[in-house]
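Chemist: quick one: sequence plus predicted model below, questions after.
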Amino acid sequence: MKNIAIIMGGYSSEYKISLISGNVVYQSLDKTKYNGFRVHIFKEKWVYVNDAETEFPIDKNDFSTIVDGKKINFDCVFNAIHGTPGEDGLMQAYFELLEIPQTSCDYYQAALTFNKRDFLSVLKPYGIKSAVSYYLNKGDVIYADEIVKKVGLPCFVKPNKAGSSFGISKVKTAAELPIAIEVAYQEDNEIIIEAFLDGTEVTVGVIDYKGTITVLPITEIVSENDFFDYEAKYLGKSQEITPARISDEMTKKVGDIAKRAYELLKMKGFSRTEFIIVNDEPFMLEMNTIPGLTPESLIPQQAIAAGISLEELFTNAIELSSQKK
């Protein structure tokens, strides 16, 4: 039996969602193959939490824990941390140094995809389209006229490095820009302001499944709110339609782009790429490398539509990560 540490929590606003994802992984693990250990990663403590909710400190020197006088080491880490330090490369680099396999992509790919501006810039030369954008860093002078001239109205103001739609605003007038920028700065010191793309929003899961890079059934997002924000994502204020109501040609086109991005970046593990399709042209918004794994989340929905159970999905991630070494 392999000991699997499921890391969850993290240092960002997304920690609550991460705890839910991590618990789903814990409950869905194949108990005939794996001993699951829930490991909470917070700034103030790294602890293994048993079923009685008793906490045991994690030794950061070798990522081990001691339970009843017995030292426990882990054969593999299942990474379920959304945001920092699980999705931005920090944990990936740490586990690489310790030579412990982990289920997400490598540290460079995590850092790159977590940085929306850099990620889209790297893919641009390959002909992968994204929205017209304007960049701001904390302390920069805000020239509202210049921003509006470049991206138009309405536009989206987003933290460059944050997930789960935290800190995102849809701005309809130039007067709203300063407030939206302040909201985004609460999540990150870098901002990306993007032109509004009026089209069909879809999300494409790409995973390495049993050694084959596989595009999962595509989901269409229809938000009841102004856009696919936190409420729409987690509080049921959206319709998620799998498979998406797009033509077979478009399904292939957008799936091919997501797969190509996965291959170009030498990705591993899970990826979920967001697009907006405008006039039969897909524009890429971002790629998530630690997508939500709650039953409501999109990758689990897509896997089930592809005939892959959560247990199979998680077993596959663990087995492939062990082969990587």
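Modeler: That came in fine, so what should we check first?
Chemist: what does stretch 289-301 rub up against?
Modeler: Stretch 289-301 is contacted from outside by 17, 20-22, 24-25, 79-82, 86-87, 104-105, 109-110, 113-114, 164, 203, 205, 207, 216, 219, 233-234, 240, 242, 267, 269-272, 310, 313, using Cβ atoms under 8 Å, 6 or more residues apart in numbering. The way it works is simple: take the backbone N, C-alpha and C, and place the C-beta from them, glycine included.
Chemist: just the buried ones from those?
Modeler: 17, 20-22, 24-25, 79-82, 86-87, 104-105, 109-110, 113-114, 164, 203, 205, 207, 216, 219, 233-234, 240, 242, 267, 269-272, 310, 313 (16 or more other Cβ atoms under 10 Å).
Chemist: what about I304, which SS state?
Modeler: Taking DSSP: H, G, I helix; E, B strand; the rest coil as the rule, one finds I304 in the helix state.
Chemist: tell me which other helices or strands the helix or strand where N23 lies touches.
Modeler: Using DSSP states H and E, N23 maps to helix 15-28. Counting contacts by 3 or more Cβ pairs under 8 Å, 6 or more residues apart in numbering; DSSP states H and E, helix 15-28 packs against strand 2-9, strand 34-41, helix 310-324.
Chemist: run the chain-centre distance for stretch 85-102.
Modeler: Computed by Cα atoms, centre = their mean, to the nearest Å, the chain-centroid distance of stretch 85-102 equals 16 Å.
Chemist: put the alpha carbons of that stretch into CSV.
Modeler: Extracted in CSV, the C-alpha atoms of stretch 85-102 (Å, rounded to 0.1, in the frame of the first residue of the first chain):
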residue,chain,number,x,y,z
PRO,A,85,1.9,27.8,-2.9
GLY,A,86,0.3,24.8,-4.8
GLU,A,87,-0.5,26.2,-8.2
ASP,A,88,2.4,28.6,-8.7
GLY,A,89,5.4,26.3,-8.6
LEU,A,90,6.5,26.6,-5.0
MET,A,91,5.3,23.1,-3.8
GLN,A,92,6.3,21.5,-7.1
ALA,A,93,9.9,22.8,-6.7
TYR,A,94,10.0,21.7,-3.0
PHE,A,95,8.9,18.1,-3.9
GLU,A,96,11.3,17.9,-6.8
LEU,A,97,14.2,18.8,-4.4
LEU,A,98,12.9,16.1,-2.0
GLU,A,99,12.5,13.6,-4.9
ILE,A,100,8.8,12.9,-3.9
PRO,A,101,6.5,12.4,-6.9
GLN,A,102,3.5,14.8,-7.1
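Chemist: now do the buried residues in it.
Modeler: Using 16+ other Cβ under 10 Å as the test for burial, stretch 85-102 gives 85-95, 100-102.
Chemist: hmm, who's touching that stretch?
Modeler: For stretch 85-102, contacts defined as Cβ under 8 Å, 6+ apart pick out 7, 10-11, 18, 41, 62-63, 74-81, 84, 104-111, 114, 161, 163, 288-290, 321-322, 324-325.
Chemist: my read: V171 touches K158, true?
Modeler: No: V171 lies out of contact with K158 (Cβ atoms under 8 Å); the separation is 10.7 Å.
Chemist: the two: which is more packed in?
Modeler: K158 (27 against 23; other Cβ atoms under 10 Å).
Chemist: how about the helices of the stretch 1-150 of the chain, start to end?
Modeler: Ranges of helices within the stretch 1-150 of the chain are 15-28, 90-98, 107-114, 116-123, 144-151, based on DSSP state H, counting those that start in this stretch.
Chemist: and the helix holding N23, how far from the chain's centre?
Modeler: Here helix 15-28 is found 14 Å from its chain centre; the criterion is Cα atoms, centre = their mean.
Chemist: and it, average pLDDT?
Modeler: The average pLDDT within helix 15-28 is 96.
Chemist: with stretch 238-250 instead?
Modeler: pLDDT averaged over stretch 238-250 gives 94.
Chemist: output that stretch as CSV, nothing but the C-alphas.
Modeler: The C-alpha trace of stretch 238-250 is given here as CSV (Å, rounded to 0.1, in the frame of the first residue of the first chain):
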residue,chain,number,x,y,z
SER,A,238,-24.4,29.4,-13.7
GLN,A,239,-25.3,26.6,-16.0
GLU,A,240,-22.6,24.3,-17.0
ILE,A,241,-23.5,22.3,-20.1
THR,A,242,-21.3,19.2,-20.9
PRO,A,243,-20.9,18.6,-23.8
ALA,A,244,-20.9,22.2,-24.9
ARG,A,245,-23.5,23.3,-27.5
ILE,A,246,-21.0,24.0,-30.2
SER,A,247,-20.5,22.4,-33.6
ASP,A,248,-18.4,19.3,-34.0
GLU,A,249,-15.9,21.4,-36.0
MET,A,250,-15.6,24.0,-33.2
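Chemist: assumed E201 was part of a helix.
Modeler: No: counting by three-state DSSP, one finds E201 to be strand, located in no helix.
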